[in-house]
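Enquirer: Provide a 3D model corresponding to the input given below.
(2 chains)
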Protein chains: 2
Amino acid sequence: MNVNGKPMRTIWVGDDGKSVTIIDQTYLPHKLQTTDLNTLEDAVSAIADMKVRGAPCIGATAAYGMAVAVRNDPSEAAIKQAYDALNAARPTAVNLKWALDECMDTIDGLDESDRASALFQRAGEICDEDVDICSKIGDYGLDLLKNISKEKEGDTVNILTHCNAGWVATVDWGTAIAPIYKAFDAGLDVHVWVDETRPRSQGARLTAWELEQHGVPYTVITDNSGGHLMQNGLVDICIVGTDRTTATGDVCNKIGTYLKALAAFDNEVPFYVGAPSRSIDWEMQDGLTEIPIEVRSGEEEVGWIFGRDEDGVLRRVTTMPDPSKSRNDAFDVTPREYITGLITERGVCDANRDALRVLFPEKG
Amino acid sequence: MNVNGKPMRTIWVGDDGKSVTIIDQTYLPHKLQTTDLNTLEDAVSAIADMKVRGAPCIGATAAYGMAVAVRNDPSEAAIKQAYDALNAARPTAVNLKWALDECMDTIDGLDESDRASALFQRAGEICDEDVDICSKIGDYGLDLLKNISKEKEGDTVNILTHCNAGWVATVDWGTAIAPIYKAFDAGLDVHVWVDETRPRSQGARLTAWELEQHGVPYTVITDNSGGHLMQNGLVDICIVGTDRTTATGDVCNKIGTYLKALAAFDNEVPFYVGAPSRSIDWEMQDGLTEIPIEVRSGEEEVGWIFGRDEDGVLRRVTTMPDPSKSRNDAFDVTPREYITGLITERGVCDANRDALRVLFPEKG
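Expert: Predicted coordinates for the structure are as follows:
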């Protein structure tokens, strides 16, 4: 999508065909900082330190991480090391392993000298495919928003979203936000309630920044507010992303998603998930017991809050007597019964095994 | 409760019998700052700017505000002005109006020259009664915690609380936290999950500070986390406060309380409210439609986050591209069906009209 009026992706290869650059999202919205991935370590750090985040963007970065690592050392040992290091960088998003396995398939049987170029090519395809998938999710989600707009006779459609599942969580377009961009571009009157999404404030930082850049009307609210807004008829639909979707339709997403799903259910507000098939773990049956939930540093992320002060200086502050006395589970699981539907690249379906298998019969 | 090992209240009269001092809670936990209330304007500002907050503490401050105002000018016109200004300082907590009406009853029929001393005396009584009420809520709540401890064979009892309903929200003891102090003092193994409670971080700032000072084990979590912890069996009971309870048992409390109640209900975790009768609005039947919900500045409170930096300097930072694009509803309403029980100063009861009338038959 556009940044200062110019189209941009979250990750790209330079004109030399091999330098890989990302937007370092830890500086957003304060500064548009890019950084190069020259080594395996650069790619692992980009994922683990959340310079990139969002399941599809993590997958794309992992693929280019493999390409960079193999360019530097195409040996079997180095490939295994790269696979393991990237796969361990973050535990919850399933797109990471999916992308790494794609890379392994790509170089299967290739001579050492052919591996890097094959991986660069496959990583580029993964990115292009991701853009296409997200665009399709946007189109299917657009139909939902059009229907609400029609029901409201053209009045503003209020969409609540949690965390960031916009274009910076993917390669472009986003998952949850893609329908909103399509609707805005189509002239629908839309307004987005953006959950702040503590501890890393990915809603207030990233979703707000994206929407601001594209000109979409939005309002940031605290994570505590969504239920109250729904009780008062101020939310027409919730759309969120997913880091891992089970074959049965449970959705693991940023911590706090479950609370919004409960409130949506209680107030009969439709609750949808932008769910590319690459986020679906076809092996998993029960989200609550099977999905590994990342626990990150409480002190670093809950205890200290990073932002810019009134002079524009980037600093961190704490509100707590002792920032170390905190806990930081990064994701939660929303059981399928609270989900109205999954918006996939092949259409919208109910959140259950049978409905998913109708759209993806090859996963039988 | 204790501050640096010495007992303290939130509001007190000096040895001269007329100087009124409060803890300015906007500086906690970074600094123990007190401030004097010498005029009506001081008292209004203390409430409106949230130097004091918490329904019982607001009530106590309003009573002393009337006393100070009448000391400065005991005329009918000045009394009316003081009543109106204090009553308008914040809209949601019903204790405010209750305390002001107590003051009006106190001076009814008194000569101008007798009014101030009568008000100082009544304000002092209101404070002492509040301490007694909170202590009794603590005793009744203690029984609940003892039962859980017994069921868990002495294992740690994990209590989740939202915002601050501890001693700094009252005159002493607190409402939701009083049972926890009583349990800790009685030697029960307790641990508190403290919701950060954005936007003003009253959990991370105030509840954490109180518990830290008293030595009660606690962990701060983001407002997004409670549902996940409940899904994973890490919460035995939720206890929160209330700013206004309807005669029918609906509870209006800090924004986000409703989301925790939904999660507790979904996971069969008992959800209790520390509810002094002074917080009950016997006129109101339906919390969702009748209770006025305060909307505060989004830019000031959601957009900017106040804390101390790594050098101990107090500053504010923003995470957002534009701090003004935010909204800040201060409270929400938890419908009675999600509340396991109300802990009042006369015992624990179900959250409904009949049960409340059994405990408070004089409210007919």
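
Enquirer: How many neighbouring residues does residue A:18 have?
Expert: Close neighbours of residue A:18, defined as other C-beta atoms under 10 Å in any protein chain shown, add up to 14. For the C-beta atoms, the positions are set from N, CA and C on the backbone; glycine is no exception.

Enquirer: and it, what is it in contact with?
Expert: Residues near residue A:18 by C-beta atoms under 8 Å, 6 or more residues apart in numbering or on different chains: A:71, A:120.

Enquirer: you'd agree it is in a helix?
Expert: No: if the criterion is DSSP: H, G, I helix; E, B strand; the rest coil, then residue A:18 is coil and not within a helix.

Enquirer: Now do it against residue A:73, distance only.
Expert: Distance of residue A:18 to residue A:73, computed by C-beta to C-beta, to the nearest Å: 15 Å.

Enquirer: and the closest residue to residue A:38 other than its chain neighbours, how many neighbours?
Expert: Leaving aside its sequence neighbours, residue A:38 sits nearest to residue A:68 (C-beta to C-beta, 6 or more residues apart in numbering or on different chains; 6.7 Å). By other C-beta under 10 Å, 25 other residues sit near residue A:68.

Enquirer: swap in residue A:126?
Expert: 24.

Enquirer: Same question for residue A:166.
Expert: If you count neighbours by other C-beta under 10 Å, residue A:166 ends up with 34.

Enquirer: And it, its phi and psi?
Expert: Per-residue torsions, residue A:166: phi -100, psi -160 (degrees, to the nearest 10).

Enquirer: For it, give its distance to chain B.
Expert: 13 Å (C-beta to the nearest C-beta, to the nearest Å).

Enquirer: Find me the pLDDT at that residue, would you?
Expert: Residue A:166 carries a pLDDT score of 98 in this model.

Enquirer: tell me the contacts of it?
Expert: Going by C-beta under 8 Å, 6+ apart, the list of residues near residue A:166 reads A:1, A:174, A:176-177, A:206-207, A:210-211.

Enquirer: now, which of the residues you listed sits nearest residue B:170?
Expert: Of all the contacts of residue A:166, residue A:207 has the smallest distance to residue B:170: 38.1 Å, by C-beta to C-beta.

Enquirer: Could I get the contacting residues of the closest one?
Expert: Contacts of residue A:207 (C-beta under 8 Å, 6+ apart): A:161, A:163-164, A:166, A:177, A:192, A:194, A:197, A:218.

Enquirer: again, only using 6 Å
Expert: Counting by C-beta atoms under 6 Å, 6 or more residues apart in numbering or on different chains, residue A:207 touches A:164, A:166, A:194.

Enquirer: possible to save these as TSV with distance to residue B:117?
Expert: Output for those, formatted as TSV (distance: C-beta to C-beta, whole Å):
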residue	distance to residue B:117
A:164	60
A:166	63
A:194	54
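
Enquirer: Mean confidence (pLDDT) on the helix or strand residue A:119 falls within, please.
Expert: Assigned by DSSP states H and E, residue A:119 belongs to helix A:112-151. The pLDDT scores in helix A:112-151 average 98.

Enquirer: Remind me what it packs against, helices and strands.
Expert: Judged by 3 or more C-beta pairs under 6 Å, 6 or more residues apart in numbering or on different chains; DSSP states H and E, helix A:112-151 is in contact with helix A:55-72, helix A:94-107, strand A:157-161, helix A:178-185, strand A:341-344.

Enquirer: what about residue A:150, how many neighbours?
Expert: 11.

Enquirer: Also residue A:83?
Expert: 19.

Enquirer: So it lies in a helix, does it not?
Expert: Yes: when classified by three-state DSSP, residue A:83 is found to be part of a helix.

Enquirer: Wait, it touches residue A:100, no?
Expert: Yes: counting by C-beta atoms under 6 Å, residue A:83 touches residue A:100, with 5.5 Å between them.

Enquirer: Report pLDDT for the residue nearest to residue A:38.
Expert: pLDDT, read off for residue A:68, is 98.

Enquirer: Residue A:174 now?
Expert: Per-residue pLDDT puts residue A:174 at 98.

Enquirer: for the most far-flung residue of chain A relative to its centre, phi and psi?
Expert: Within chain A, residue A:111 marks the point farthest from the mean C-alpha position, 34.5 Å out by C-alpha atoms, centre = their mean. Residue A:111 has phi and psi values of phi -60, psi 150 when expressed as degrees, to the nearest 10.

Enquirer: Kindly report the same for residue A:155.
Expert: Per degrees, to the nearest 10, the backbone of residue A:155 is at phi -60, psi 160.

Enquirer: Now it: closest residue in space that isn't a chain neighbour?
Expert: Excluding its sequence neighbours, the residue lying closest to residue A:155 (C-beta to C-beta, 6+ apart) is residue A:189, at 7.0 Å.

Enquirer: right, and the one you found touches residue A:156 too?
Expert: Yes: at 4.7 Å, residue A:189 counts as touching residue A:156 under the criterion of C-beta under 6 Å.

Enquirer: which ones are touching residue A:34?
Expert: A:21, A:23.

Enquirer: measure it to residue A:14 for me?
Expert: For residue A:34, the distance to residue A:14 - C-beta to C-beta - is 11 Å.

Enquirer: now what about stretch A:214-228, what contacts it?
Expert: For stretch A:214-228, the external contacting residues (C-beta under 6 Å, 6+ apart) are A:1, A:160, A:184, A:191-196, A:198, A:204, A:208, A:211, A:256, A:260, A:263, B:198-199, B:223-224, B:255-256, B:258-259, B:302, B:320, B:325-327, B:329, B:332.

Enquirer: same thing with stretch A:236-252?
Expert: With contact meaning C-beta under 6 Å, 6+ apart, stretch A:236-252 is reached by A:55, A:92-94, A:148, A:157-162, A:165, A:175-176, A:253, A:257, A:260, A:264, A:270-275, A:279-282, A:284-285, A:287, A:291, A:331, A:333-336, A:351-353.

Enquirer: Report the beta-bridge partner residues of residue A:341.
Expert: With DSSP bridges as the criterion, residue A:341 is bridged to residue A:272.

Enquirer: Next one: it from chain B, what distance?
Expert: 20 Å.

Enquirer: wait, isn't that residue in contact with residue A:272?
Expert: Yes: assessed by C-beta under 6 Å, residue A:341 is found in contact with residue A:272 at 5.2 Å.

Enquirer: Centre-most residue in chain A?
Expert: By C-alpha atoms, centre = their mean, the most central residue of chain A is residue A:54, 2.8 Å off.
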